[in-house]
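**Student:** Model the structure of this input:
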Amino acid sequence: MESRAGIAGLSDVVTKEDITMLTRQKKEKIIEKYRTHKHDTGSAEVQIAILTAEIKDLSKHLKDHAKDFSSRRGLLRKVSQRRRLLRYLHKDNEKSFTKLIKELKLKAPKLEETTVIAVEEELGLAEAEDPVVIEK
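**Tutor:** You can find the predicted model right below:
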């Protein structure tokens with residue numbers, strides 16, 4: 001008996017092996033590198049570093065699978081979350097913000113309102129024509 005994917009003709013569907021998620025070991029290395037104290041796992045610095053690694057993985061996936069709109073939506077959510085955390089870190093600890101930006105090789109984000117188009121252009125995914133404000 002064939003699997004459901006074979007019956008439906010979906011043998012080319014994206015599988016879990018196609019999407020390289022952040023493994024526990026990679027995540028632990030990131031936490032160890034960017035933590036602010038011994039038991040830190042959730043500081044803004046750590047969260048930003050983890051999101052950056054996830055964004056890189058998803059961007060790589062989307063280059064191969066351009067029509068994977070669910071992953072694109074997830075990527076945009078992660079980019080927005082990272083931007084909010086960067087904005088918070090900039091207000092809270094500018095020295096740490098500057099250090100983190102340099103270490104992760106990120107562009108300093110615009111700290112004003114952001115549009116979906118700006119996020120997609122930053123990632124090289126721009127297709128929309130009308131800007132939609134998603135946060136302020």
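
**Student:** Confirm that H39 sits in a helix.
**Tutor:** No: H39: not assigned to a helix; according to DSSP: H, G, I helix; E, B strand; the rest coil it is coil.

**Student:** L62 versus that one, what's the distance?
**Tutor:** 35 Å (CB to CB, to the nearest Å). Where you see a C-beta, it was placed from the backbone N, CA and C, and this is true even at glycine.

**Student:** Name the residue in these two with the higher neighbour count.
**Tutor:** Taking neighbours as other CB atoms under 10 Å, H39 and L62 compare with L62 leading, 19 against 7.

**Student:** in which helix or strand would I find that one?
**Tutor:** L62 is part of helix 44-64 when elements are defined by DSSP states H and E.

**Student:** Report the contact partners of the closest residue in space to A49 that isn't next to it in sequence.
**Tutor:** Leaving aside its chain neighbours, A49 sits nearest to Y34 (4.4 Å; criterion: CB to CB, 6 or more residues apart in numbering). By CB atoms under 8 Å, 6 or more residues apart in numbering, Y34 lies in contact with S43, E45, V46, I48, A49, L100, E103.

**Student:** give me the number of residues near the first one?
**Tutor:** Which is S43. The burial count for S43: 18, using other CB under 10 Å.

**Student:** The second one now?
**Tutor:** The local packing of E45 (other CB under 10 Å) involves 23 other residues.

**Student:** mind checking pLDDT for the residue nearest to A49?
**Tutor:** pLDDT recorded at Y34 is 95.
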